[in-house]
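> Give me the fold of what follows.
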Amino acid sequence: MSRITFGGLASGLDTNALIDQLVQLERAPIIRKEKRIEELGKVRDAWRDINMRLMHLRESLQGLLKKDNFRSMQAKSTDDSFVSAKAGSEAAPATYEVQVSEVATHHTVAMQSDLQTMLDKGVGEALGLSGTFTLKNLTADGGEDVEIVVKATDSLMAVKKKINDADAGVTASVFAGHLMLKSDMSGTANEIVLSHKADSGDDVLDILGIYNTDESTFHNETVAVQDARFSVNGINFVRSSNAVDDLVDHVTFNINGETTAPVFVQVGADIERAVEAMTAFVEQYNSVNDFVREKLERPDSETKGSTRGLLQGDTTLMKIERSLRTMINSPVSNSRYQDEEGNWQQKKFHSLSSLGVMTVDKEGYLQLNENMLATALQEDPESVFSVMQYELKDENGFGTGQFSGVAMELDNYLKRLLVTDQDSQGRPLRPIAAQREAATQQRIEDLYRRIEVREVRLLRYEERLVRQFTAMERYISTMQSQSQELDNMIGQLAGFGGNQKK
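Here you go, the predicted model:
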């Protein structure tokens, strides 16, 4: 409170200082509340941080719930420049020895010389030729041969357009004054076939130096047509395309060049995606575990300077820590099976630890053994993913549409902690982590309201003290004035009595 008073003028006491001291004594509860607000603010921020870390943990779980990350197969070649390959998720692990003697080509022909040299014309000028030629239809669905009608007003560019508009499986282009034709598909089955239509007028193909009608030959065959010829594991094959997908189920071989030595293609599990997903999960789990343990830390009486964790003793956080650790270390519910003799056996891959995700110490930190995970993936990727997620079966062995597994159970638990849900009556249920943050914020707001009320009371208390001390000063001043008057009167009476005696 800002006040201007002149205390102690009558009493000689520093009443302003006395009022300040009394007010400060009454302010002690406010100071305690302000300190508590500061502490609760740290608690609220800690829960906010926990909430964020749990969200990131749930995000990291999504990589473990993608089947492709565990069932993905890859095909590696010892030399991609000659033979490369791609494997689908259903491909079987195997190694193939491939040798290539010929690569399939796209038949390509061109004018013998440029148009300017041959006809002294530019590509955009009218050719002055009138005639019709036939082009074999090379499209995938086949069809009748197409006729290209050339008019006297057509330029070389116009002829190119008419060929392309015919959609006959041949692409025409003009390059450096040359008209070029290229089959859209490779192999001898897609050889370009041209012919002049008799009695149609000019032999356009021959005049342009593309095709010799009399000899049935091309003037300039820039790329001869051929099939791909190769062997796989010693068996010879011929294909019109360099992309071969009909030899091995779910594997496509790409013929890129002729070989002088065998190229080996190995089909196996693509472990990199699974390792990357598992590594991301382990790192995020350790981040959560580290932060939670710090907040729950108990002071060590034997260690100097040991401090108490901000949330030490918080039962909600302790329950979250225990639940996460239990789920991480527990085997999946379908970890056992009955053998042919009816005895129960444990599956080889039944928990995260069986896949190389180990708890390294009593603090619960995880460590990934990449070699162990890679071995498991190469051996049985389906069973590895089953540890992450699998569909629950009914008593008849049919799928129920419900899923379990380590990653699935963790995801469901984190969902309850993080995502707003509804109760049986449709009312929103705030997630647990958010509840703790909101509850702490509510306590902070309640304390602020109490402080506000207390400050008003304190202001009134201070005003009352000022009035009381001011009144006291007035009383003292009045008494002092009356005392002075009394002393004067006594003095006068004493002098009066002496004069009469004389």
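
> care to break the chain down by domain?
Split into domains by automatic domain parsing, the chain comes to 73-103+227-269, 108-223, 272-298+309-418.

> mind putting these in a markdown table, mean pLDDT included?
Below are the domains of the chain laid out as a markdown table (pLDDT from 0 to 100):
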| stretch | mean pLDDT |
| --- | --- |
| domain 73-103+227-269 | 95 |
| domain 108-223 | 95 |
| domain 272-298+309-418 | 90 |
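
> Just send the ones you listed back as CSV, with mean neighbour count and distance to L22 too.
All C-beta atoms are positioned from the backbone trio N, CA, C, and that covers glycine. Listed next are the domains of the chain as CSV, based on neighbours: other C-beta atoms under 10 Å; distance: least, C-beta to C-beta, whole Å:
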stretch, mean neighbour count, distance to L22
domain 73-103+227-269, 17, 80
domain 108-223, 17, 99
domain 272-298+309-418, 16, 36
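
> do you know which of these lies nearest D20?
domain 272-298+309-418 (34.9 Å; C-beta to C-beta).

> hmm, back to that, just send the domains of the chain back as JSON lines, with distance to P29 too.
As requested, those are exported to JSON lines (distance: least, C-beta to C-beta, whole Å):
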{"stretch": "domain 73-103+227-269", "distance to P29": "67"}
{"stretch": "domain 108-223", "distance to P29": "88"}
{"stretch": "domain 272-298+309-418", "distance to P29": "24"}
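
> who wins for proximity to Q468 among those?
Nearest of the domains of the chain (C-beta to C-beta): domain 272-298+309-418, 44.6 Å.

> and the end-to-end length of the closest one?
30 Å (C-alpha to C-alpha, to the nearest Å).

> Centre of the chain to it, how far?
20 Å (C-alpha atoms, centre = their mean, to the nearest Å).

> swap in stretch 87-101?
The answer for stretch 87-101 is 32 Å, by C-alpha atoms, centre = their mean.

> Just the CA trace of that stretch, in PDB.
Taking C-alpha atoms only, stretch 87-101 is exported to PDB below (Å, rounded to 0.1, in the frame of the first residue of the first chain):
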ATOM      1  CA  ALA A  87      11.000 -58.400 -54.200                       C
ATOM      2  CA  GLY A  88       7.500 -58.200 -52.900                       C
ATOM      3  CA  SER A  89       6.600 -58.800 -49.200                       C
ATOM      4  CA  GLU A  90       5.500 -62.400 -50.100                       C
ATOM      5  CA  ALA A  91       8.800 -63.400 -51.800                       C
ATOM      6  CA  ALA A  92      10.600 -66.400 -50.500                       C
ATOM      7  CA  PRO A  93      14.300 -66.000 -49.300                       C
ATOM      8  CA  ALA A  94      16.600 -67.400 -52.000                       C
ATOM      9  CA  THR A  95      19.700 -66.600 -54.000                       C
ATOM     10  CA  TYR A  96      19.700 -66.600 -57.900                       C
ATOM     11  CA  GLU A  97      22.600 -66.700 -60.300                       C
ATOM     12  CA  VAL A  98      21.900 -64.700 -63.400                       C
ATOM     13  CA  GLN A  99      23.800 -64.300 -66.700                       C
ATOM     14  CA  VAL A 100      22.800 -62.100 -69.600                       C
ATOM     15  CA  SER A 101      23.800 -62.600 -73.200                       C
END
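
> Would you mind pulling the contact partners of it?
67-68, 71-75, 82-83, 85, 228-234, 248-251, 253, 255, 257-259, 261-269, 378 (C-beta atoms under 8 Å, 6 or more residues apart in numbering).

> Restricted to strands, list those residues.
Counting by DSSP state E, the part of the contacts of stretch 87-101 found in strands is 73-75, 83, 85, 228-232, 248, 251, 253, 255, 263-269.

> Can you spell out which helices and strands pack onto the helix or strand where M472 lies?
Secondary structure assignment for M472, by DSSP states H and E: helix 432-501. Counting contacts by 3 or more C-beta pairs under 8 Å, 6 or more residues apart in numbering; DSSP states H and E, helix 432-501 packs against helix 15-61, helix 315-329, helix 406-418.

> Ok, which of the domains of the chain comes nearest T470?
Of all the domains of the chain, domain 272-298+309-418 sits nearest to T470, with 48.0 Å by C-beta to C-beta.

> before we move on, the earlier item: helix 315-329 and the helix holding M472, what's the angle between them?
Put simply, helix 432-501 runs at 160 degrees to helix 315-329, going by axes from the mean of the first three to the mean of the last three C-alpha atoms, to 10 degrees.

> could you list every residue that touches E147?
For E147, the contact set (C-beta under 8 Å, 6+ apart) comprises 132-135, 197.

> and with 7 Å instead?
E147 makes contacts with 132, 134, 197, as judged by C-beta atoms under 7 Å, 6 or more residues apart in numbering.

> Ok, K393 next?
By C-beta under 7 Å, 6+ apart, the residues touching K393 are 399-400.

> do E215 as well
Taking C-beta under 7 Å, 6+ apart, one finds nothing in contact with E215.

> from now on call the first residue 38
Shifting the count to begin at 38 puts that one at E252.

> separation between it and T363?
Computed as C-beta to C-beta, to the nearest Å, the E252 to T363 distance reads 85 Å.

> just checking, what's the longest strand in this structure?
strand 131-139.

> what's the very next helix or strand once past that one in contact with?
Proceeding N to C from strand 131-139, the next assigned helix or strand is strand 145-147, under DSSP H and E. Strand 145-147 is contacted from outside by 215-219, 229, 247, 255, 257-260, using C-beta under 7 Å, 6+ apart.

> likewise stretch 376-388?
For stretch 376-388, the external contacting residues (C-beta under 7 Å, 6+ apart) are 367-369, 372-375, 391-392, 413, 417, 420-421, 424.

> Quick check: strands, which of these are part of them?
373-375.

> Now flag whichever of these is closest to E428.
Y374 (15.6 Å).

> what is that closest one paired to in the beta sheet?
Taking DSSP bridges as the rule, Y374 bridges to Q382.

> Distance check, N174 against S210.
For N174 relative to S210 (C-beta to C-beta), the value is 19 Å.

> same thing with M315?
From M315 to S210 the distance is 50 Å (C-beta to C-beta).
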